[in-house]
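[1] fold the following, please.
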Amino acid sequence: MNVQWKQAVKPVTCRLCGFEGSGRQVLTLKTHQGLSIAPVECPVCLSLDIVDEPIPFAESQELVDMYVEVGAGIDAIASLISCIDRPTDSSFVDIGCGYGFSLCLAEGLYGWRAYGYEPSPLAKAGAETLGVDIRHEPFTRESKFTHAPDYVFSSEVIEHIPDPLEFLSTIRAQLPEGAVLVMTTPNRACVDPSAPEPELMAALSPGFHVLVASAQGMRLLAERSGFAHCVVREEAERLIIAMAHTPSALESFALREVPRVAMDDWYEQTIRKTEPGTPLRVGLTSRLLDSFVAQGKFSLARPVADALLVDMKLRFDGFDIDAILTKAQPSILSSLFPLMVSICYDLGMISLLGDNDPLTAATHFSASVSAGEAWFAAGGHQFLNIVNLVEQARTSRLLALARCAPEEAEREALNQDATGPAPGYLVARTLVEAVAHGHESSIGRLLLAARTSAPTLVLSDQPAKRIAGQDALFMMANVCERNAQLADAVELYAACLKSCLAESTQMSHEIDLIRQSHLGLKRCGAPEAPAPRILDLVTHTSPLPLVYFAPEVFWRDAAGVFLEGWVHAGALAVSAIDVRHGDVAVRAEARRRDDLTRLFGDLSPDTRPNFRAYVPRGRGDAIDIVVTTAHGTLGVSWQMPFQNLPAREPTVAISWPFDDVDAQQRAQQYPEEGIQRAWGDER
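    Below is the predicted model:
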């Protein structure tokens, strides 16, 4: 792909906000297939106009199979259709339903009555194999819903439509009061010089996308089409838009993850109804295997892997797993090789973490990388999940070798790090794994390289790099301490401690490192560091559970600070939440949050994660949120921002006499419009 970013004045007629006049051409793009586009930006809503008419879809059977086996984001589809809470037996319509996974999920997960519209060849294949109701036709001004829908869904469709205003107006005219329309579309904000190539190509989709919408463009389009109420959420590369005639219809709109156990059950039930050796059976079983491996359920993953390999032999005539594991060379461009990227990666994780067999795991990870490289070299589509899996397989191979062949791991890590996109990261990860398994004497060059790169890694704005750098500093300090190099050990422990204390929020990983670095400095005879303030908050014994925290509303004035947000410890029940500012602590008011219960499937039913508190007379730049559990307390330290959250001044200033009024009562008296959240009566 050849991309040239440029500034040029070009005429534009915005299909979203209606602006007509001069716009800005932002880039020219030429693909390897010879397609060329020159998107022009609307100066009013910043949406991009790309082409007048899209290339019509004409999927071959091979492309349909590839979509089912590799391309379809089934978990993402399940999450998106769950944006609206509707009771069993509600009517669900998907406009542009593709293969029909959304319809099958709507029926299987929620018991909704579902049908869809889809003009492409995906419709016929999906209706036959999934047994869902798909109208093999486009949705146009002549289309009529067969019965009044409660929920209309249209994902990744509007960017293909030359007249989005007519499309949206047609849906609005038939949408009953109380029903909701949810749409998704690529986010204009992702068309940026810093965007990775796969994300940029997904947003622009040369020849197929007529436009790329901004959040403001979708709001203005909703208004022009007659929708009185619209909510737009920006989720990285995607916009999620909900529209309705009444505000009450949008009250249940929230981004939700389907509980993992529910998705796994849906996969298992659907697989049982599917013909062995078919693309659908292979695709569903592969995703179920991915799920079990991701959850660390290796005893469940093994039989699924065995069943998948049987289906692969039926699906791909002459398929030989042993041959693929040693040399992946595609003879034809098919979904076999992106599938092998995923399957070999899963087999590697089962061997590494389930069977404690790092040598076999390294072989599987190598096969995953080889299959991906062969696929890309042959011109295969760069599915984002496959690109990411190949990179994970590279790293996982190094970690496996660090356990059983440290010299080989050192050699590969230094070679890959020299040419990789993240200098120091692979060195740090490999070093930590090798030292943890007692191979420090075999990785002298890694130790030297990490001594230089780790201090830079901990300054990264990417959490994975920071954590790798912190872990490497701690492990190197450990090595120096054991070898009586106490001055070096003190320097490295102090650097690790400083990095962890500098984090805006200390979670369980940082707290563990702070605790261990603090003890290391004591052993080496170094003076006390400022770690005790954090450690005093934590009485829970190691290993510490994860603590999940997010601030939502915050303001401070000369008298104190107000904080509202949510915090929990997963399946570990939280009985109380305290908020501390310096030496002053108050017990927070807490309540339930249904959206968090849906998002975190293992959340304890006894936890009230939503909290708010006003803390007077505090000092310092950090707020500590302390959760009490049956096993002790856990602390999260949050660096207060310079501005209020949301980023506007409170509508009423607070100034009370602090000696005779309870802090919680003052927080409750603060006007709701000032904190932008109305708390219900539920407690």
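[2] quick one, what contacts the residue nearest to Leu596 when sequence neighbours are not counted?
    Leaving aside its sequence neighbours, Leu596 sits nearest to Pro609 (CB to CB, 6 or more residues apart in numbering; 5.3 Å). All C-beta atoms are positioned from the backbone trio N, CA, C, and that covers glycine. Counting by CB atoms under 8 Å, 6 or more residues apart in numbering, Pro609 makes contact with Trp566, Val567, His568, Val574, Ala590, Arg592, Arg593, Leu596, Leu603.
[3] cool, Ala472 as well?
    Listed by CB under 8 Å, 6+ apart, the contact partners of Ala472 are Val427, Ala428, Leu431, Val432, Ala450, Ala454, Leu457.
[4] endpoints of stretch 532-545, how far apart?
    End-to-end distance for stretch 532-545, by CA to CA, to the nearest Å: 20 Å.
[5] residues in contact with stretch 187-200?
    In this structure, residues lying in contact with stretch 187-200 by CB under 8 Å, 6+ apart are 1, 3, 5, 26-27, 39, 46-48, 203-204, 212-215, 217, 234-239, 382-384, 387.
[6] ranges for the strands of the stretch 551-683 of the chain?
    Remark: strands assigned in the stretch 551-683 of the chain by DSSP state E, counting those that start in this stretch are 560-568, 576-581, 584-587, 589-591, 610-616, 622-629, 632-639.
[7] I'd like those laid out as CSV, including mean neighbour count, mean pLDDT and distance to Ile161.
    Compiled in CSV, the strands of the stretch 551-683 of the chain are given as follows (neighbours: other CB atoms under 10 Å; pLDDT from 0 to 100; distance: least, CB to CB, whole Å):
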stretch, mean neighbour count, mean pLDDT, distance to Ile161
strand 560-568, 23, 94, 38
strand 576-581, 22, 95, 48
strand 584-587, 17, 94, 53
strand 589-591, 18, 94, 43
strand 610-616, 24, 94, 40
strand 622-629, 22, 92, 46
strand 632-639, 20, 90, 44
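[8] state the number of residues packed around Leu288.
    23 (other CB atoms under 10 Å).
[9] ok, for it, nearest residue in space, not its chain neighbours?
    Tyr267 (4.2 Å).
[10] for the one you found, what are its contacts?
    Leu284, Thr285, Arg287, Leu288, Ser291.
[11] among those, which are located in helices?
    By the criterion of DSSP state H, membership of the contacts of Tyr267 in helices covers Leu284, Thr285, Arg287, Leu288, Ser291.
[12] where does the stretch 1-150 of the chain dip in pLDDT?
    Along the stretch 1-150 of the chain, segments meeting pLDDT under 70 span 1, 32, 57-59.
[13] got the residue ranges for the strands in it?
    Remark: strands assigned in the stretch 1-150 of the chain by DSSP E, counting those that start in this stretch are 2-13, 20-30, 36-37, 40-41, 48-49, 91-95, 113-117, 134-135.
[14] out of these, which comes closest to Glu391?
    When these are compared by CB to CB, strand 2-13 sits nearest Glu391, at 21.6 Å.
[15] partner strands of the closest one and their direction?
    When pairing is defined by DSSP bridges, strand 2-13 lines up against strand 20-30 (antiparallel).
[16] list the contacts of the partner strand.
    Identification of contacts with strand 20-30 by CB under 8 Å, 6+ apart yields 1-14, 36-43, 48-49, 191, 204, 206.
[17] report the buried members of these.
    Buried members of the contacts of strand 20-30, scored by 16 or more other CB atoms under 10 Å, are 3, 12, 14, 37-42, 48-49, 191, 204, 206.
[18] can you redo those as CSV with distance to Leu280?
    As requested, the buried ones among the contacts of strand 20-30 are exported to CSV (distance: CB to CB, whole Å):
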residue, distance to Leu280
Val3, 36
Val12, 43
Cys14, 40
Ile37, 34
Ala38, 39
Pro39, 36
Val40, 41
Glu41, 41
Cys42, 41
Leu48, 35
Asp49, 37
Val191, 34
Leu204, 30
Pro206, 29
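[19] how near is His136 to Ala464?
    Noted for His136: a distance of 45 Å to Ala464, by CB to CB, to the nearest Å.
[20] so the two - more neighbours on which side?
    Taking neighbours as other CB under 10 Å, His136 and Ala464 compare with His136 leading, 15 against 12.
[21] nearest spatial neighbour of that one, skipping sequence neighbours?
    In space, His136 comes closest to Ala123 once its chain neighbours are excluded; the distance is 4.4 Å by CB to CB, 6+ apart.
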